[in-house]
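**Student:** No letters, just coordinates:
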């Protein structure tokens, strides 16, 4: 306790304001300024020390310390300085009010520290696991959002309690109000629950390639309201989570093998013995490339499938043992080139749309409803 009688003249000790003398207010102001300056210097010294340590190593403890220092607000330092000055100068008088201010500032500061730590944890987890486990990254992002909501809810309740609000009555009132609000924001709540369904059921995760109706692209972000997809053209497509789950989604990222169907048509003038040999020839084309087996391709079947308007149709089915689309197109191109070359060299003509015009027929056309000639 500082002895005011030995430091200040009697005139300042006789003037009172809000239950304290002018001398006490002056010393309190001096104490607050000194404490605030001291805490600011400590914060700068800690920040400089952390910067020097970061040049040597990049440990998690240093990153946490840097975040806590950077997110420490001036209002928290001022409230702490005011409490310290009140304890030292006023000998406990006025501490109640300054303690309330410090508690208010501390609650807000804890919220900022906690929010920063959650964000750092989420970012670090995403960076370390995005390539190896995109599904867990999606879950952790949603968990970080829920943790932030829970954190700031607790901070809000603490602030209301410090302000003298009856939290129990407030929560009951919020429950009744929440019903009315819920009816007004049904679409938002639908998207929110849809996002939880996406997180828990995992029909797709960040990095998956989706086809939804006529839209297709790679999932970039799964939020509480919407999911953002980067299309093949480069633009970003935004789906609301409710609409997305109501659609039929094709997830090509989960594909393990790709089934490919090719159709080939030859002309009707092809001899029957050649038609019978074509399926085996098609099988050889699919299974081999030159004298070696064709890589990443498993033959399924080849059949004379039907007789079209201008062609005799054959159907080839094979499996590409990889979901990669570029490999699929490379293999398909190689098979089509071999197919064209070998069928052409075998003298088999490919069919294309044609029309035959018959001229000079002497046979009269029968009248409608007349009897056929004997």
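**Tutor:** Noted; the coordinates are in hand. Small disclaimer: the values here were computed from a predicted structure and weren't measured. Numbering: from 1, shown residues only.
**Student:** any idea which element the nearest residue to residue 39 once chain neighbours are set aside lies in?
**Tutor:** Sequence neighbours aside, residue 77 is the residue nearest to residue 39 in space, at 4.6 Å (criterion: CB to CB, 6 or more residues apart in numbering). (Each C-beta comes from the backbone N, C-alpha and C, glycine too.) According to DSSP states H and E, residue 77 maps onto helix 74-90.
**Student:** And the next helix or strand past that helix?
**Tutor:** Following helix 74-90 in sequence, per DSSP H and E, is helix 95-129.
**Student:** For the nearest residue to residue 141 once chain neighbours are set aside, give me its contacts.
**Tutor:** Sequence neighbours aside, residue 122 is the residue nearest to residue 141 in space, at 6.1 Å (criterion: CB to CB, 6+ apart). By CB atoms under 8 Å, 6 or more residues apart in numbering, the contact set of residue 122 is 140, 141, 144.
**Student:** What about the residues you listed, which are in strands?
**Tutor:** Using DSSP state E, no member of the contacts of residue 122 falls within strands.
**Student:** From these, pick the one nearest residue 226.
**Tutor:** Nearest to residue 226 among the contacts of residue 122: residue 141, at 13.5 Å, using CB to CB.
**Student:** For the closest one, give me its contacts.
**Tutor:** By CB under 8 Å, 6+ apart, residue 141 lies in contact with 122, 126, 222.
**Student:** now the stretch 51-200 of the chain, which segments are flagged as low pLDDT?
**Tutor:** Applying pLDDT under 70 to the stretch 51-200 of the chain picks out residues 54-58, 85, 88-97, 129-136, 138-139, 167, 169-187, 189.
**Student:** now the strands for the protein?
**Tutor:** Under DSSP E, the chain gives strands at 16-17, 20-21, 209-212, 215-222, 226-231, 236-240, 249-251, 258-266, 288-289, 292-293, 297-307, 312-320.
**Student:** Between the contacts of residue 141, which sits nearest residue 328?
**Tutor:** Closest approach to residue 328 among the contacts of residue 141 (CB to CB): residue 222, at 27.3 Å.
**Student:** how about the closest one, what does it touch?
**Tutor:** Counting by CB under 8 Å, 6+ apart, residue 222 has contacts 138, 141, 142, 195, 198, 199, 205, 206, 241.
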